[in-house]
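Novice: can't give you the sequence, but here's the structure:
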Ligand SMILES: [Zn+2]
């Protein structure tokens, strides 16, 4: 279960669920068992109130969950948009 803000530069401990925003992703996206059967595993992520105001979480095609600035996400709906990538890499 989540215990800290998903923004790695914040990492605020989760004390109150009513603060911030919970994101739920299917962590099994893009992965499958050797048998070909799809794994299904839901992962919960939390952004604290301050981070949730300016950021959101998205899951890319590989199933990686990334923190994106809201403005970039709205401007660039494509998760692999160059603008968003450069921000994450900085
Ligand atoms: Zn935070």
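Specialist: Cool, the structure landed. Given the structure is predicted, the values throughout are model-derived calculations rather than measurements.

Novice: Enumerate the residues of this structure near the ion.
Specialist: 5, 7, 10, 12, 48, 51 (CB under 5 Å from the ion). Every residue, glycine included, has its C-beta placed from N, CA and C.

Novice: Now restrict these to buried residues only.
Specialist: Buried members of those, counted by 16 or more other CB atoms under 10 Å: 5, 7, 12, 48, 51.

Novice: For residue 64, state which of those residues is nearest.
Specialist: The closest of these to residue 64 turns out to be residue 7 (CB to CB; 14.8 Å).

Novice: thinking that closest one is in contact with residue 47, fair?
Specialist: Yes - with contact defined as CB atoms under 8 Å, residue 7 reaches residue 47; the gap is 6.3 Å.

Novice: what's the overlap in contacts for the two?
Specialist: When contacts are counted by CB atoms under 8 Å, 6 or more residues apart in numbering, residue 7 and residue 47 have 55, 67 as shared neighbours.

Novice: what helix or strand does residue 18 sit in?
Specialist: Per DSSP states H and E, residue 18 falls between elements, in no helix or strand.

Novice: What is the burial count for it?
Specialist: 6 (other CB atoms under 10 Å).

Novice: separation between it and residue 52?
Specialist: Going from residue 18 to residue 52 by CB to CB, to the nearest Å gives 12 Å.
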